[in-house]
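Asker: below are the sequence and a predicted model for it; my questions follow.
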Amino acid sequence: MGYWTVRSIALSGLGFKEVLSAESSAEFINYLVQAKCKNTSQIANQIGEDWLKKRNELWKQGVKLYHQLDAQGIKVIHFGQENFPESLHEISDPPKWLFVQGNIAILHRPALAIVGTRNPSEDGLFLANYVGACLQYFNAVTVSGLALGIDQIIHKKSIRAKVPTIAFIGTGILQNYPAGSEKLRQEICENGGAIVSEYLPHQSYSAENFVHRNRLQAGLSDVIIPVEWKEKGGTSHTVRFAHKFKKQIVCLKLPDWSNSHTELSVAEKLGAKIFTIPGEEEKFRAILNEILNKPSLQVSEDKSSQKIDNSSQKSVIEKHYGHQQLTLFD
């Protein structure tokens, strides 16, 4: 099964344990039909008639994957758990789970999403580096997507400023994408940040995945700064999600930018505040501090710095497989 099939089961209200308790392939496929999964015929052909044998084989694979994740410090947090970020509870299409490598606690702090093109111009590089130089003035962690260009600049500037940074990726958490990002991922985690994905661990990339991912960047954050983007590019999805979720959009421009930057007109219609840099540096920093320091965004010291209790992270796999014995169900 892929992410979308598993998500369909979760959204249907069926419990995963209930689905896995099926005693025949027909019963199992019936659950998929109830969940309105789109590829039930393909799954049925892969399972064949010997469902119980197939189930045991898959269970063993799942156990192996669980221990692989655990060895790399990757936890799974589920919608409804205490350590699941409240800001993602509130969006219209929340994730049912998140795979997190690194510091889970920072998902509860005020957050500033800074995103943009993979191929920045000199203007985009200037503005991204300017925002990066300002990070120490804001009471917030940063959020971006680990992509080449603007995203990686922001992650690196965050580390330099000693600001924890969160990378929402559009692949499974065990995928190294984009190529060459392994060192940066390690530095993010070593400096109090986190790598986050809702996709299944080995899932590859797709355009659909990246668009779907962008809602999480906007949903977790309190302010979104699209540094350089096109009105029909990937960043535009994050901007529109931000508007949908009633998050503040803040755009920057250079003094000589002409009307050819039509993305600013789009952002302005969505309620964005636009500042000219250089020239309006103080206004830019003031509006971000005003939003990020609102009492409703402040998290108690206990909640934001709480130590995640590993016992609460035990998945159904470890619950039934904690002593290296394959006992599927109670």
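Answerer: Sure thing, it's come through.
Asker: would you mark the buried spots in stretch 203-216?
Answerer: Applying a neighbour-count criterion of 16 or more other Cβ atoms under 10 Å, the buried positions in stretch 203-216 are 203, 205, 209-210, 212-216. Yep, even glycine has a C-beta here, placed from its N, CA and C like the rest.
Asker: so which of those residues sit within helices?
Answerer: 209-210, 212-216 (DSSP state H).
Asker: hmm, back to that, which of the buried residues of stretch 203-216 has the weakest pLDDT?
Answerer: Ranked by pLDDT, the buried residues of stretch 203-216 bottom out at residue 205, which scores 91.
Asker: close enough to count as contact, it and residue 171?
Answerer: Yes. Contact criterion Cβ atoms under 8 Å: residue 205 and residue 171 qualify, at 4.8 Å.
Asker: what residues are shared contacts of these two?
Answerer: residue 177 (Cβ atoms under 8 Å, 6 or more residues apart in numbering).
Asker: make CSV from the ones in helices among the buried residues of stretch 203-216 and add distance to residue 179 to it.
Answerer: Shown next, in CSV, are these (distance: Cβ to Cβ, whole Å):
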residue, distance to residue 179
209, 17
210, 16
212, 22
213, 18
214, 21
215, 25
216, 23
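Asker: just curious, which of those residues is nearest to residue 224?
Answerer: residue 214 (10.1 Å; Cβ to Cβ).
Asker: contacts only, for that closest one.
Answerer: By Cβ under 8 Å, 6+ apart, the contact set of residue 214 is 115, 145, 234, 237-238, 241.
Asker: hmm, 7 Å instead?
Answerer: 237-238, 241 (Cβ atoms under 7 Å, 6 or more residues apart in numbering).
Asker: same deal with residue 180?
Answerer: Contacts of residue 180 by Cβ under 7 Å, 6+ apart: none found.
Asker: show me where the stretch 151-300 of the chain has helices.
Answerer: In the stretch 151-300 of the chain, the helices defined using DSSP state H, counting those that start in this stretch lie at 182-190, 207-220, 234-244, 262-269, 281-292.
Asker: among these, which is nearest residue 85?
Answerer: helix 207-220 (6.0 Å).
Asker: between that closest one and helix 234-244, how big is the angle?
Answerer: 40 degrees (axes from the mean of the first three to the mean of the last three Cα atoms, to 10 degrees).
Asker: which residue lies farthest from the center of the chain?
Answerer: Distance from the C-alpha centroid of the chain peaks at residue 49, with 37.6 Å (Cα atoms, centre = their mean).
Asker: tell me which helix or strand it sits in.
Answerer: Following DSSP states H and E, there is no helix or strand that holds residue 49.
Asker: residue ranges with poor pLDDT in the stretch 1-150 of the chain?
Answerer: Within the stretch 1-150 of the chain, not a single segment meets pLDDT under 70.
Asker: neighbours of the residue nearest to residue 97 when sequence neighbours are not counted, how many?
Answerer: Excluding its sequence neighbours, the residue lying closest to residue 97 (Cβ to Cβ, 6 or more residues apart in numbering) is residue 78, at 4.9 Å. A count of nearby residues for residue 78, using other Cβ atoms under 10 Å, gives 14.
Asker: I'd assumed residue 99 was in contact with residue 78.
Answerer: No. Counting by Cβ atoms under 7 Å, residue 78 stays clear of residue 99, with 10.8 Å between them.
Asker: coming back round to it: and the closest residue in space to the residue farthest from the centre of the chain that isn't next to it in sequence, what does it touch?
Answerer: Nearest non-adjacent residue to residue 49, counting by Cβ to Cβ, 6+ apart: residue 25, 6.0 Å away. Contacts here follow Cβ under 7 Å, 6+ apart; on that basis residue 25 touches 44, 47-49, 51.
Asker: enumerate every residue touching residue 197.
Answerer: For residue 197, counting by Cβ under 7 Å, 6+ apart, the contacting residues are 99, 169, 171-173.
Asker: and these as TSV, adding distance to residue 92 and neighbour count?
Answerer: Below are the contacts of residue 197 laid out as TSV (distance: Cβ to Cβ, whole Å; neighbours: other Cβ atoms under 10 Å):
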residue	distance to residue 92	neighbour count
99	22	21
169	22	27
171	24	22
172	24	19
173	24	23
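Asker: gap between residue 33 and residue 200?
Answerer: From residue 33 across to residue 200, the span is 21 Å (Cβ to Cβ, to the nearest Å).
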